[in-house]
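Engineer: Model the following, please.
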Amino acid sequence: MERPSVLRWFGYAVGVRLPERHNDWALHDATSKHWRARYVLQRSIGILPLCAVWLLLPGSIWLRLSLVLMAALVAYFYSCAYMEESVEHRLGRQGFPHGTGRRLRAEVAAAKNAEATARYLARYRTPSEG
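Structural biologist: Predicted coordinates for the structure are as follows:
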């Protein structure tokens, strides 16, 4: 799995398609254990420059900080509300079939649930059950 360079990662964070050699990394990015945190970090790359510009507007500092806070909250709300769809769209841009990320995350969750169920049954099954 080849990680993109910092410059390519910044491009990827704002919606640029990565070269095919980074497809494995893009799939990992969308299906890893911390895919939600990675997504929020990537959305921050697009939100922070706008917030910085809004801080430069004329007016009192409290008004500008309020504007930045309100805008950031709205941006994060909508980004997080459409997180799965956005990640699926990004994977589609990389050439993966629609639903790949959701399917892989569901498979990992099913495997974890099966392991937890097996541990539970091994621990709490009574000898009369069987």
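Engineer: Glu88 and Val6, how far apart?
Structural biologist: Here Glu88 is placed at a distance of 25 Å from Val6 (CB to CB, to the nearest Å). For the C-beta atoms, the positions are set from N, CA and C on the backbone; glycine is no exception.
Engineer: Comparing the two, which residue is more hemmed in?
Structural biologist: Glu88 (19 against 8; other CB atoms under 10 Å).
Engineer: For that one, give me its contacts.
Structural biologist: 98-102 (CB atoms under 8 Å, 6 or more residues apart in numbering).
Engineer: Using CSV, write down the CA coordinates of the helix or strand containing Trp25.
Structural biologist: Element membership for Trp25, per DSSP states H and E: helix 23-31. Presented in CSV, the C-alpha positions along helix 23-31 are these (Å, rounded to 0.1, in the frame of the first residue of the first chain):
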residue,chain,number,x,y,z
ASN,A,23,-6.1,2.9,-4.7
ASP,A,24,-5.2,0.5,-1.9
TRP,A,25,-4.5,3.4,0.4
ALA,A,26,-7.7,5.1,-0.5
LEU,A,27,-9.7,1.9,0.2
HIS,A,28,-7.9,1.7,3.6
ASP,A,29,-8.7,5.3,4.3
ALA,A,30,-12.4,4.7,3.7
THR,A,31,-12.6,1.4,5.6
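Engineer: Would you mark the buried spots in that helix?
Structural biologist: Across helix 23-31, burial judged by 16 or more other CB atoms under 10 Å covers 23, 25-27, 29-31.
Engineer: One more: stretch 3-19?
Structural biologist: Buried residues in stretch 3-19 (16+ other CB under 10 Å): 4, 9, 12-13, 18.
Engineer: Great, nothing more from me.
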